[in-house]
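Predicted model and sequence below, questions to follow.
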Amino acid sequence: MRSSHLAAGLVLCAGLAGAADLLPLGRIPPGKTVLVIQPHHDDHTTDYGMGGLIARFVDEGYDAYYVRASNDEKDGNHLPAENDIINLRESIAATRILGMKKVISLNWRNDYMNPIPLDELRAQLILLIRKYRPDVVLGHDPWEHYQKNPDHRNVSRALAEAYWLAGYANVNPEQLKLGLKPWAASYYFGKARLDWGLGHRSNIAMELNESQVRRKEQAYQTHRNVYAHPDSARAMKAALAREHLYIPAWEGLDDQQAAVEMEEWYMNWISRVRGREAGVKYAEDYYFMDEFDYLPGLKDYLKHNVEKQ
Ligand SMILES: [Zn+2]
């Protein structure tokens, strides 16, 4: 990692300690150019957009450029070619309101960015970083959770790589023949849709009754090729014996029976633990999404406004 990033991070975070539950406030870093690299024409908008920060960068003296990686042909109520043109036009108008100088379109096909060569997209972004020489790159965080939009996933991944690699002369050296020079942007702001879920932590528990737990345990034990092998009981007995310990409940059981007894216990244990976390006897936990979860603002609106007919 380049040391300039580390130093910049320290400067930005210095003296920002706040209350334990509050995020520290960031600052606009020193510089004059911000390159906003996004999958779509409208990613500066919406409840998860970054239009406010773009406007603030402009207010604080930055030149701002908007890169839209896709052609946005699926976004709208017209034929693909018409959507592309209308969305570009609206993007130019909207970014002007934010004070941005230019919209650059890479025109990858909207919603079909999974099979594209990521190195090629990355090379385009490296070229733009070397051309515009931004102090700040603003995009999506490629490590955000539950991002189901293929364009967001791929552009943010290519961007994180480009941000890192654009400063190295031996990456895409063919671009240097155009008169471009390696350029390492000092700062990266990555927006993430954390309202889609904080990591892989479960958000619901599904209650189970005794019979369901029993059948789950039996099904587990049916996989005798991989579970409850007598060797596991033998190894456990040997480990305990080294500490002069033993399990009285295993008296009279052969190794196979002891292995079953042990694994039945901990299969039952996990159902009880999950149940306790939800205030019931037995449960399993899941990450659940309903049809409005991808629009948390709309979900909140419905929560406050919907009534029974
Ligand atoms: Zn988007």
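Received the coordinates, thanks. Just so we're clear, the structure is a prediction, and the values are computed from it rather than from any experiment.

When you work out contacts or count neighbours from here on, use the C-alpha atoms and nothing else.
Fine.

Just give the closest residue to the residue in the stretch 201-309 of the chain that the ion sits nearest to, not the sequence neighbours.
The minimum distance from the stretch 201-309 of the chain to the ion, using C-alpha to the ion, falls at Tyr294 (12.4 Å). Closest residue to Tyr294 apart from its sequence neighbours, by C-alpha to C-alpha, 6 or more residues apart in numbering: Trp196 at 6.2 Å.

Contact residues of the protein facing the ion?
40, 43 (C-alpha under 5 Å from the ion).

what residue ranges in the chain are flagged as low confidence?
Applying pLDDT under 70 to the chain picks out residues 1-20, 47, 197-200.

ok, Leu157 - contacts?
Leu isn't right for residue 157; it's Arg. Counting by C-alpha atoms under 8 Å, 6 or more residues apart in numbering, Arg157 touches 141-142.

Now with 7 Å, please.
Shown in contact with Arg157 (C-alpha atoms under 7 Å, 6 or more residues apart in numbering): Pro142.

what does the helix or strand that contains Asn87 rub up against?
Secondary structure assigned from DSSP states H and E places Asn87 in helix 80-97. Helix 80-97 has contacts (C-alpha under 7 Å, 6+ apart) with 41-42, 71-76, 103.

Go ahead and flag the most central residue of the chain.
Glu144 (1.5 Å; C-alpha atoms, centre = their mean).

separation between that residue and Lys191?
8 Å (C-alpha to C-alpha, to the nearest Å).

likewise Ile104?
Applying C-alpha to C-alpha, the value for Ile104 to Lys191 is 20 Å.

returning to that earlier point: was I right to think the residue of the stretch 201-309 of the chain closest to the ion contacts Asp195?
No - counting by C-alpha atoms under 7 Å, Tyr294 does not reach Asp195; the two are 8.1 Å apart.

Those two: which is more packed in?
Tyr294 (17 against 14; other C-alpha atoms under 10 Å).

Quick check: that one is in a helix.
No - Tyr294 sits outside any helix when classified using DSSP: H, G, I helix; E, B strand; the rest coil, being coil.

what's around Thr106, how many residues?
No, residue 106 isn't Thr; it's Leu. Residues lying near Leu106 (other C-alpha under 10 Å) number 15.

and the lengthiest helix in the chain, what does it pack onto?
Ranked by number of residues, the top helix in the chain under DSSP state H is helix 255-278. Helix 255-278 sits against helix 230-242, strand 282-286, with contacts defined as 3 or more C-alpha pairs under 7 Å, 6 or more residues apart in numbering; DSSP states H and E.

which of these is buried the deepest?
Of all those, strand 282-286 has the most neighbours on average by mean count of other C-alpha atoms under 10 Å, namely a mean of 19.

residues making contact with it?
202-209, 271-272, 274-275.

Can you show me the strands along the chain?
33-38, 63-70, 102-108, 136-140, 187-191, 204-208, 282-286 (DSSP state E).

Just send those back as CSV, with distance to Leu159 too.
Putting the strands of the chain into CSV (distance: least, C-alpha to C-alpha, whole Å) gives the following:
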stretch, distance to Leu159
strand 33-38, 7
strand 63-70, 11
strand 102-108, 13
strand 136-140, 7
strand 187-191, 10
strand 204-208, 34
strand 282-286, 32
